[in-house]
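Trainee: compute the structure for the input listed below.
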Amino acid sequence: MVDEATLPEVRRVVRGLDGLPLALELAAARLRTLSLPELADGLSDRFRLLTTGSRTALPRHRTLRAVIAWSWDLLGAYERTVAERVSVLPGGVTAASAAALCAGTGVPPADVPELLAGLVDRSLLHLAPEPG
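Mentor: Sure, this is the predicted structure:
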């Protein structure tokens with residue numbers, strides 16, 4: 001139950017899992033064996049923590065690692081290049097920073113905003129607001 005006492009830990013879990021619905025579902029299942037603070041503390045290694053899921057779910061939905069691998073396999077070559085390049089940015093990505101990182105890779109600069117949007121739509125990326 002979410003109340004004033006549990007709300008800070010619930011927020012930590014949701015933020016730690018970037019609000020991804022499947023990740024939250026897998027985390028909720030772990031509450032059968034972990035307390036809410038233990039779950040929130042364990043999210044520093046979320047792939048290891050969320051390694052078991054529903055046995056009745058499709059294989060790609062049983063673990064967070066499987067869902068990300070499945071999503072990665074659905075990406076086209078340009079989307080993978082953009083995702084690989086922007087993954088080095090610790091503070092977030094903008095269309096301008098992504099275009100700069102993808103220079104010389106064969107990814108058409110004009111396509112970068114649409115490729116970023118596709119990664120956001122697949123919940124593989126969150127865009128930082130443009131400065132200014």
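
Trainee: give me the average confidence score over stretch 17-28.
Mentor: Stretch 17-28 shows a mean pLDDT of 76.

Trainee: now the element after the worst-scoring helix or strand of the chain on mean pLDDT, going C-ward?
Mentor: Within the chain, no helix or strand scores below helix 46-49, which has a mean of 54 by mean pLDDT, DSSP states H and E. Note on helix 46-49: by DSSP states H and E, the next helix or strand toward the C-terminus is helix 64-73.

Trainee: show me the strands in this protein, by range?
Mentor: Using DSSP state E, no strands are assigned anywhere in the chain.

Trainee: flag the shaky bits of it, pLDDT-wise.
Mentor: In the predicted model, the chain carries pLDDT under 70 at residues 44-65, 67, 126-132.

Trainee: let's see 50
Mentor: 58, 61 (pLDDT under 50).

Trainee: now do the helices in it.
Mentor: 7-16, 21-30, 36-42, 46-49, 64-73, 77-86, 95-101, 112-121 (DSSP state H).

Trainee: with mean neighbour count and distance to Met1 added, can I get those in a markdown table?
Mentor: C-beta here means a position set from N, CA and C on the backbone, and glycine is covered the same way. A markdown table is the format used below for those (neighbours: other C-beta atoms under 10 Å; distance: least, C-beta to C-beta, whole Å):
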| stretch | mean neighbour count | distance to Met1 |
| --- | --- | --- |
| helix 7-16 | 15 | 10 |
| helix 21-30 | 18 | 13 |
| helix 36-42 | 17 | 10 |
| helix 46-49 | 16 | 22 |
| helix 64-73 | 15 | 25 |
| helix 77-86 | 18 | 38 |
| helix 95-101 | 17 | 41 |
| helix 112-121 | 17 | 32 |
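
Trainee: since that was my last question, I'll sign off now.
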